[in-house]
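Asks: just to be clear, the model below is a prediction. Sequence and coordinates:
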Amino acid sequence: MKLTVLYRGPLSSCNYGCEYCPFGKWKQSEEELAKDGADLERFLAWVEARTGDTVSVFFTPWGEALIWPVYQRALARLTHLPHVERVAIQTNLSCRLDWVRECRTEKLGIWATYHPEWTKRHRFLAQCETLASLGVRHSVGVVGFKHFVEEAEALRRDLPADTYLWINAVKDGQEEPYTAEDVARFSAVDPLFPVNNVRHPSLGRACKGGESVISVDGEGTARRCHFIDEPIGNIYAPDFDQALRPRPCSKATCGCHIGYVHMDYLELDRVFGSGILERVPATPLWRTAAPARVGLP
Ligand code: SF4
Ligand code: SF4
């Protein structure tokens, strides 16, 4: 079986302090970090044991995980497993990158978010250059607050042309809605911005969530995705595989890239191919015709 696991353990601390984020500058106790490490170790052992499957793992922590050696070692360890196809992680990319040399980099994917209020653009770009020099496939992105548009445009200018820069549309919590000009400027930076700036109808639609893509927490509780709370089972239960089956979505809409890319009708697997987890399009977007229309209902 082919299985993609979005892993999110209890780790919920971060070295940055983005004002819109509940995990900003949150510090966890030694005990909490030890528990997160123990949960992670149990999860790694579970992946290691699934030798009959083809597994991809996407770490989507609440806070920042890559500053911790235990996560750096976990990524490296997973990339060396023959039955693991892809290992990706969301990160603010503030960590050292020496651990990357321990990975099979062709299996590694990095989803790096640039936070202009917490790092300098040249520092972030230097980290991206290091990833590129090590052969690591990566996307970079910016949260689409209106006041970040100039910084996003500058980042687009400074990045290599073949590095995809995504903009995460702010659908709630922004003082004012986007104007047509905001949409045009963000779309000039990210041709897929119109796809992300939509809550896609999902009720009753076919989605890989719960069948070949699952979300797993530190206790092993599996859900079809991060957006539907109802558990479908526990990966550490001996009969867990019986829980994996097609399930039409039970939510009205799906508005987050890590969810809607798994809905069949949007056909975004055609856009992202094997880079779907780390959000890297299969073909650089300036070579595709009218990419912003792809996937729009
Ligand atoms: S870098 Fe990410 S996890 Fe950290 S405070 Fe900012 S949004 Fe939250
Ligand atoms: S469409 Fe979105 S909310 Fe619905 S099951 Fe899939 S990922 Fe979850």
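Replies: Perfect, thanks for sending it. Ligands and ions are numbered 1, 2, ... in the order given.
Asks: from now on I want contacts and neighbour counts done on CA atoms only, so please keep to that.
Replies: OK.
Asks: how far does stretch 99-109 sit from its chain's centre?
Replies: 17 Å (CA atoms, centre = their mean, to the nearest Å).
Asks: ends of it, what's the gap?
Replies: Chord length of stretch 99-109, first to last residue, is 14 Å (CA to CA, to the nearest Å).
Asks: check stretch 124-143 too.
Replies: Start-to-end, stretch 124-143 (CA to CA) is 15 Å.
Asks: now it: buried residues?
Replies: Of all the residues in stretch 124-143, those buried under the rule 16 or more other CA atoms under 10 Å are 124-125, 127-128, 131, 135-143.
Asks: how about stretch 80-89?
Replies: Across stretch 80-89, burial judged by 16+ other CA under 10 Å covers His83, Val84, Glu85, Arg86, Val87, Ala88, Ile89.
Asks: quick one: secondary structure of the residue of the stretch 151-297 of the chain found nearest ligand 1?
Replies: Nearest residue of the stretch 151-297 of the chain to ligand 1 (CA to the nearest ligand atom) works out as Asn168 at 11.7 Å. Assigned with DSSP: H, G, I helix; E, B strand; the rest coil, Asn168 falls in the strand class.
Asks: give the contact list for it.
Replies: Asn168 makes contacts with Gly141, Val142, Val143, Gly144, Phe193, Asn196, Asn197, as judged by CA atoms under 8 Å, 6 or more residues apart in numbering.
Asks: now the third one: which helix or strand?
Replies: Assigned by DSSP states H and E, Val143 belongs to strand 137-144.
Asks: just give me the closest of the contacts of Asn168 to ligand 2.
Replies: Asn196 (12.7 Å).
Asks: tell me how far that closest one lies from Val100.
Replies: Separation of Asn196 from Val100 (CA to CA): 30 Å.
Asks: which of those two has more neighbours?
Replies: Neighbour count, other CA atoms under 10 Å: between Asn196 and Val100, Asn196 has more, with 23 against 19.
Asks: report the contact partners of that one.
Replies: If you count contacts by CA under 8 Å, 6+ apart, Asn196 has them with Ile167, Asn168, Ala169, Gly255, Cys256, His257.
Asks: partner residues bridging the first one?
Replies: When you say that, I think you mean Ile167. Val142 (DSSP bridges).
Asks: quick one: it from ligand 2, how far?
Replies: Ile167 is 19 Å from ligand 2, where distance means CA to the nearest ligand atom, to the nearest Å.
Asks: partner residues bridging whichever residue of the stretch 1-150 of the chain sits closest to ligand 2?
Replies: For the stretch 1-150 of the chain, the residue closest to ligand 2 is Leu6, as judged by CA to the nearest ligand atom, at 11.0 Å. Applying DSSP bridges to Leu6 gives these bridge partners: Phe58, Ser215.
Asks: count of residues packed around the residue nearest to Asp229 when sequence neighbours are not counted?
Replies: Of all residues not flanking Asp229 in the chain, Arg223 sits nearest, at 6.8 Å (CA to CA, 6 or more residues apart in numbering). Other residues near Arg223 number 24, with proximity taken as other CA under 10 Å.
Asks: of the contacts of Asn196, just the buried ones, ChimeraX syntax please.
Replies: Those of the contacts of Asn196 that count as buried under 16+ other CA under 10 Å are selected in ChimeraX with:
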select :167,168,169,255,256
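Asks: which of the contacts of Asn196 sit farthest apart?
Replies: Largest separation among the contacts of Asn196 by CA to CA: Ile167 and Gly255, giving 13.2 Å.
Asks: can you give me the helices for the stretch 1-150 of the chain?
Replies: For the stretch 1-150 of the chain, helices defined by DSSP state H, counting those that start in this stretch occupy the ranges 30-49, 69-79, 121-133, 149-158.
Asks: tell me which residue of this protein lies closest to ligand 2.
Replies: Closest point on the chain to ligand 2, by CA to the nearest ligand atom, is Gly259, at 3.4 Å.
Asks: so which helix or strand takes in that residue?
Replies: Per DSSP H and E: Gly259 is located in helix 257-260.
Asks: quick one: buried residues of that helix?
Replies: Ile258, Gly259, Tyr260.
Asks: turn the residues you listed into CSV, columns for distance to ligand 1.
Replies: Shown next, in CSV, are the buried residues of helix 257-260 (distance: CA to the nearest ligand atom, whole Å):
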residue, distance to ligand 1
Ile258, 15
Gly259, 18
Tyr260, 20
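Asks: with respect to Ala74, which of these is nearest?
Replies: Nearest to Ala74, judged by CA to CA, of these is Ile258 at 21.1 Å.
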